Each structure stands twice: as structure tokens, then as C-alpha cells.
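no sequence on this one, just coordinates:
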């Protein structure tokens, strides 16, 4: 098996691009998808604070470990959401943390995201979240194997792959290909597909192909659907009440070079996926803890004192 060096790879790409001068490409949905993605991110950026509903134990873990756990889109309470993705390779590549731009959350959320007696609502800022990620297994343990390390972007993946190749190792590193907050759009009719048709015009020749805009996945939800949580009965839920803004992280995998081009194949995710990833938060996160307690939370005074011991300032504000 022959591999190109990084310089040879860049030269090959440059030569190929020079050959495309004067060609034109038309894509059926790429421009629309990019505009839709930008609008979703722009709207999410208008909120200084977001509100995340979780359990009292999860909050203590967040404060101690300085990180949030994001669930794979296949495992969220909207059991139909991942199935709306039209490219199967991308069904398992998104991880999300759900929040709302409205602190007046539906009453049912206390039961859904806890058990009614241990629910908390916390205020978070998007700027707290670092562009880093670690896979977690089904036992909520971090995967420290270098084979499954997640790099911050595709350039770091290229550099890592190149350095390991020089050591005689062939690796297919993971990297973050999308990271940001998105406001969810609720629409039963609006379908946004990752894949689209493309046509390249080279003189009188037409070449048909496909475009991919993976970041569009996980932005559009239906207005109603089956809500499913382990150990709880299924029910039909009005998703629009959540007024959701989510942190969405896309994880891609680099694979071997073929014909001088780096192939994006998601070969691991085709067979299995990690249920969660851990995202670290900045040191100044929760300098002041803004919180609301479930009306049924037990031992509120004791819980508040415990929280004060876990934040450096000891300052807690109720929202």
C-alpha cells in the first residue's frame, strides 16, 4: 500500500484545482443548507444565558469534573430524530446537550429529565464550552486509548496521522468537524437533507455527483413525537414547548488516503458508536451558580450547602 507524503498530497490537490479553472458547479441544496445552518447559529448566539434541566447528582458531577456529558443523537428522548437523517453514515456522529432559551420550562421536564424529586435547572453560557471532546463508554468511563482520541479539527487530525505514519503506525484519528450552539427549528414538513445532487460543467461535459452538508443534521425537529426515557412510559410530546437551543458536536473520522485524497468514511460509526462524549468547560464557568430547584426536590437546604462547597465563590442565585 502506497501513501503520499503531505507535500506530495498538497501538490496533487493544487494541480487538480488548476485543472478545474473555468468549470462551474451547481448544487441542489448546498446553498440553502448553509444559509439555514448560519441562521440557526446566529439565532442561538442572541441568547446570553441558556437553561439546562438535569438532576441534582448530574449537577454535582458537572461542578466537580468541570465538564458536561453530551449524548449521542441516537439516544436522545426523541427516538425518531436520528432516523430523519438521510445519510446513514451520519446517524451516529452527532452528540448534543439540550437547553432552552426560556427559563420557564414545561412542568413535565422535571419528571422527564429527573424523577421529579431531584430536578434542577441551571443557567449556562455558550462561551463556557471548550472545543475538546473525549469518548465515554456505556459505564460512563472516559476512553483514553489513543486510537479513539478526538482532535479539535481536521488539521490536527492530518498532523496526528502524519506523525504516527512516520513512526510506522497507520491510524484513522477522530476530529471535531462541527461545534456550536444551534436553535432548533420545529416543522413537520420541513425536511433538510444532508445529501444533494451536484453537476460539474467542464466545457461541454457534465459530471453528475453529490454534495454533503453534514452540519444540517440535528437542527430540524418535528413538532410532536414519541418521547422515550429509560424506565419511564413513552408518551406523545409537543417538542415546541422545549424552545430548544442545543450544543451540537459532530465527530468525524479520517481514513486512509486513496488516489492522493483523504477519504472521510466514518468507518467506526458504521458499526458502533460511543453513547456519550465529555466536553470540558472554562475555569470561570459557574463563578455564580444560577439555579432553580424542582418543587419536589428533597432536602433543599442541605443540597444548597453542598453546592456552595463545590463552587469557588460559593455564590448561588435563584432564577
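Nice, I can see it. Quantities reported herein were computed from a predicted structural model and do not represent experimental measurements. Residues are numbered from 1 along each chain as shown.

Point out where the protein drops to low pLDDT.
1-23, 25, 256-271 (pLDDT under 70).

change it to 80
1-28, 114-116, 200-206, 255-271 (pLDDT under 80).

which one's the longest strand in it?
strand 244-258 (DSSP state E).

That one packs against which elements?
For strand 244-258, the elements it packs on are strand 67-72, strand 94-100, helix 154-166, strand 174-183, strand 261-264, strand 276-280, judged by 3 or more Cβ pairs under 8 Å, 6 or more residues apart in numbering; DSSP states H and E. C-beta coordinates here come from the backbone N, C-alpha and C atoms, glycine included.

can you give me the helices for the chain?
Using DSSP state H, the helices of the chain run over residues 6-19, 30-44, 56-65, 108-112, 154-166, 300-308.

which other helices and strands contact the second one?
Which is helix 30-44. By 3+ Cβ pairs under 8 Å, 6+ apart, helix 30-44 packs against strand 174-183, strand 195-202.

now, of these, which is deepest in the fold?
Ranked by mean neighbour count, those are led by strand 174-183 with a mean of 20 (mean count of other Cβ atoms under 10 Å).

Hey, what's the angle from it to helix 30-44? Just curious.
Strand 174-183 and helix 30-44 meet at an angle of 70 degrees, taking axes from the mean of the first three to the mean of the last three Cα atoms, to 10 degrees as the criterion.

tell me how far strand 174-183 is from the chain's mean position?
The chain centre lies 5 Å from the centre of strand 174-183; the measure is Cα atoms, centre = their mean, to the nearest Å.

Next: stretch 154-163.
21 Å.

buried ones in that stretch?
Neighbour counts over stretch 154-163 (16 or more other Cβ atoms under 10 Å) mark 154, 157, 158, 160, 161 as buried.

do stretch 220-238 as well
Neighbour-count burial for stretch 220-238 flags 220, 221, 222, 225, 227, 228, 237 (criterion: 16+ other Cβ under 10 Å).

measure residue 59 to residue 306 for me?
In this view, residue 59 and residue 306 are 10 Å apart by Cβ to Cβ, to the nearest Å.

Compare these two and say which one has the larger neighbour count.
Legend: neighbour count by other Cβ atoms under 10 Å for residue 59 and residue 306, higher for residue 59 (23 against 14).

Test my guess that that one contacts residue 307.
Yes. Between residue 59 and residue 307 there is a contact at 7.4 Å, judged by Cβ atoms under 8 Å.

Centre-most residue in the protein?
Nearest to the mean C-alpha position of the chain, by Cα atoms, centre = their mean, lies residue 249 at 2.1 Å.

possible to save the buried residues of stretch 220-238 as TSV with distance to residue 254?
Converted to TSV, these look like this (distance: Cβ to Cβ, whole Å):
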residue	distance to residue 254
220	28
221	30
222	33
225	34
227	36
228	34
237	38
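
Same list (the helices and strands packed on strand 244-258) but as a markdown table, adding distance to residue 52.
Listed next are those as a markdown table, based on distance: least, Cβ to Cβ, whole Å:
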| stretch | distance to residue 52 |
| --- | --- |
| strand 67-72 | 8 |
| strand 94-100 | 4 |
| helix 154-166 | 28 |
| strand 174-183 | 12 |
| strand 261-264 | 31 |
| strand 276-280 | 13 |
